[in-house]
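Colleague: what's the 3D shape of this:
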Amino acid sequence: MKKTTISISQKDHKRRRLFFRSCLLSTLLMLSAVFFCGSHFVVTDYKEKFLSWGLVDAMHNAISKNCEAQCRPEGIEALPKGIVSKTSDFVMQPLWGPRTQKKPKSSTNLLAIAVGIKQKDSVNKIVKKFLSSDFVVMLFHYDGNVNDWRDLEWSGRAIHVSAVNQTKWWYAKRFLHPDIVSEYAFIFLWDEDLGIENFNVGRYLSIIRKEGLEISQPGLDPDNSEVHHDLTARDKRSEVHRKINKTIGGGRRCNENSTDPPCTGFVEMMAPVFSRASWRCVWHMIQNDLVHAWGLDFQLGYCAQGDRTKNIGIVDSEYIVHYGLPTLGGSAANKTNSEEQDQAAKNMSTSEQLAPSQSSPSDPRTEVRKLSFVELEIFKNRWKKAIREDNCWVDPYQKPPQQSKQ
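Modeller: Below you'll find the model as predicted:
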């Protein structure tokens, strides 16, 4: 009996072991199946993601290739094109209420003058005449005095910028960037010591548009003006002239065949007028550190948007008086004294001219003239260096070596 019980017990034990093994095997098989199926879905999912990423990359590449031809200035690459506002203007806006509406570019012009309070009466006459022709007016206060202009009825309509003892060209480089003044058809960048009794703004604009003058100036009344170059003196016989036929300083002969300044393609720097396109070029030529801009006048022809002998001219029928008051840096001197100062400054070496003064100069005007001559030489050297280093630039006015200048 005991043997039978033991035998049955052993059989049950074997059956349980077999059942346990079969359950374990089934569980392993099920886990393997789940793992396999899961791996399949995971791999498929990643494959889809990789494919989608590939499509995105392909789209980006396609967009990049399509946009390569579009010129986006540095700094705005991260912005959508429609939100970019590339230009500005001097239109003053109210703090509340309706916005001031901009006028068409063709009808808006800018007058910018470097001013000191001593020339307030002269500047007042100039500004009133330009405002009557719907100009925007900007005053550069080189003496720092702004408050004493507020009694003039137009003062609140003008833009006032103040920096002590800075020149017109220092201001122009910093506050008349081409993108800021792109709204204005013509930029009048004038000195303060000008008489405008015989100058009509509207007629002047009409003439330079008709004549296609990109750079111009009113003729200087030769009887009452300080004239540095014969070309800019008014010719009473014409409405506009672009050349002169006479012998000028240094024995140089100017005639109808002349192609170089100052016989043609030239204006002086006391009352230049620039078109929008020419100013974009001129602004880039103004050197940031050369505040007197001497030498710039002889290179303006490169910004004339074409032939300088045709696109630069002197308007004779609308003329002005240049009083030649050296207001920036000292009191007025007569012409003889001014010439003597120029010669003295020329005779000094560059190192002497640049030597710092240990105290306030006894004659500030002489010091200004010295620095002007130094800057002239620096500008000339920079121009020559730029030509040597730019292999892609071609001088449109270069003459064969054997051809003499006229």
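Colleague: what segments of the stretch 301-406 of the chain are strands?
Modeller: 312-322 (DSSP state E, counting those that start in this stretch).
Colleague: where does it dip in pLDDT?
Modeller: 328-362, 401-406 (pLDDT under 70).
Colleague: first to last residue in stretch 384-399, what's the distance?
Modeller: In stretch 384-399, first residue to last residue: 16 Å (C-alpha to C-alpha, to the nearest Å).
Colleague: the residue nearest to residue 321 when sequence neighbours are not counted and residue 204, how far apart?
Modeller: Ranked by C-beta to C-beta, 6 or more residues apart in numbering and with sequence neighbours excluded, the top spatial neighbour of residue 321 is residue 195, at 3.4 Å. In this view, the C-beta of every residue, glycine as well, is placed from N, C-alpha and C. Separation of residue 195 from residue 204 (C-beta to C-beta, to the nearest Å): 15 Å.
Colleague: neighbour-wise, which of those two wins?
Modeller: residue 204 (22 against 17; other C-beta atoms under 10 Å).
Colleague: doesn't the more buried one belong to a helix?
Modeller: Yes - judged by DSSP: H, G, I helix; E, B strand; the rest coil, residue 204 forms part of a helix.
Colleague: is it correct that it is in contact with residue 320?
Modeller: No - Residue 204 lies out of contact with residue 320 (C-beta atoms under 8 Å); the separation is 9.9 Å.
Colleague: which residues do these two both contact?
Modeller: residue 218 (C-beta atoms under 8 Å, 6 or more residues apart in numbering).
Colleague: ok, now which ones touch the residue nearest to the spatial centre of the chain?
Modeller: The geometric centre of the chain, computed from its C-alpha atoms, lies nearest to residue 177 (C-alpha atoms, centre = their mean), at 3.4 Å. Neighbouring residues of residue 177 by C-beta under 8 Å, 6+ apart: residue 283.
Colleague: the residue nearest to residue 321 reaches residue 323, doesn't it?
Modeller: Yes - counting by C-beta under 8 Å, residue 195 touches residue 323, with 6.7 Å between them.
Colleague: mean confidence score for stretch 217-225?
Modeller: For stretch 217-225, mean pLDDT is 96.
Colleague: neighbouring contacts of it?
Modeller: Counting by C-beta under 8 Å, 6+ apart, 195, 198-199, 204, 227, 232-235, 241, 267-268, 271-273, 314-316, 318-324 sit against stretch 217-225.
Colleague: let me know the next secondary structure element after the helix or strand that contains residue 124.
Modeller: Using DSSP states H and E, residue 124 maps to helix 120-131. Beyond helix 120-131 on the C-terminal side, the first helix or strand identified by DSSP H and E is strand 135-141.
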